[in-house]
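[1] Got a sequence here, can you build the structure:
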Amino acid sequence: LAVHIQTSRALMVISLLLGFFGIIVSVVGMKCTKVGEEDPVTKSRIAVAGGVLFILSGLCTLAAVSLYATRVTYEFFRESTIPINARYEFGSALFIGWGAASLTILGGSLLCCSCPAEDRRGQRYYRQSQSSMVREYV
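    Model (predicted):
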């Protein structure tokens, strides 16, 4: 196969692996799971790590799809003996790839926004035992 196709294939395999590990790390970092530590700060840091993996996965997908699209554009406008009706054009797979990369980067950046603020890092959350409306009259 041509070099640009092998490069695109390798980037897509790396993107799939990063996305898979991003899913696993993000599930561990969710506040609703009991996997890992109970500290909310540690959980949010794990979720941010999953978000970074998703962003890297989206960038690999974007690079692979854009590399192939650049090659298609180059071949289309190059002066050659290939007739115009036999040249490649952008297909729906390229647009789906760009959309998937955009959504993956967006999802990863939303996960990265779950990092706690500096003033709340040491704050613990305690459940109140009684409602403030309930009063005992003696």
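
[2] only C-alpha atoms for contact and neighbour calcs from this point on.
    Fine.

[3] Name the residues of the longest helix belonging to the chain that are buried.
    Among the elements of the chain assigned as helix by DSSP state H, the one spanning the most residues is helix 40-77. Applying a neighbour-count criterion of 16 or more other CA atoms under 10 Å, the buried positions in helix 40-77 are 40-69, 76.

[4] Wait, residue 59 touches residue 105, no?
    Yes. Under the criterion of CA atoms under 8 Å, residue 59 lies in contact with residue 105, with a separation of 7.2 Å.

[5] Give me the distance from the helix or strand of the chain with the lowest mean pLDDT to the chain's centre.
    For the chain, counting by mean pLDDT, DSSP states H and E, helix 40-77 ranks last in confidence among helices and strands (a mean of 90). Between the mean C-alpha location of helix 40-77 and the chain-wide mean there is a distance of 7 Å, by CA atoms, centre = their mean, to the nearest Å.

[6] Spatially central, which residue of the chain would that be?
    Centroid check for the chain by CA atoms, centre = their mean gives residue 54 as the closest residue, at 2.5 Å.

[7] Spell out the secondary structure type for residue 24.
    For residue 24, the reduced secondary structure class is helix; criterion used: DSSP: H, G, I helix; E, B strand; the rest coil.

[8] Please report how far the nearest residue to it once chain neighbours are set aside lies from residue 37.
    In space, and not counting its chain neighbours, residue 24 is closest to residue 50: 7.8 Å by CA to CA, 6 or more residues apart in numbering. Shown here: residue 50 relative to residue 37, a distance of 16 Å by CA to CA, to the nearest Å.

[9] cool, and residue 96?
    Taken as CA to CA, the spacing of residue 96 relative to residue 37 amounts to 38 Å.

[10] Residue 63 too?
    If you measure residue 63 against residue 37 using CA to CA, the figure is 36 Å.

[11] Surely the residue nearest to the centre of the chain touches residue 103?
    No. Checked against CA under 8 Å, the pair residue 54 and residue 103 is beyond contact range at 9.8 Å.
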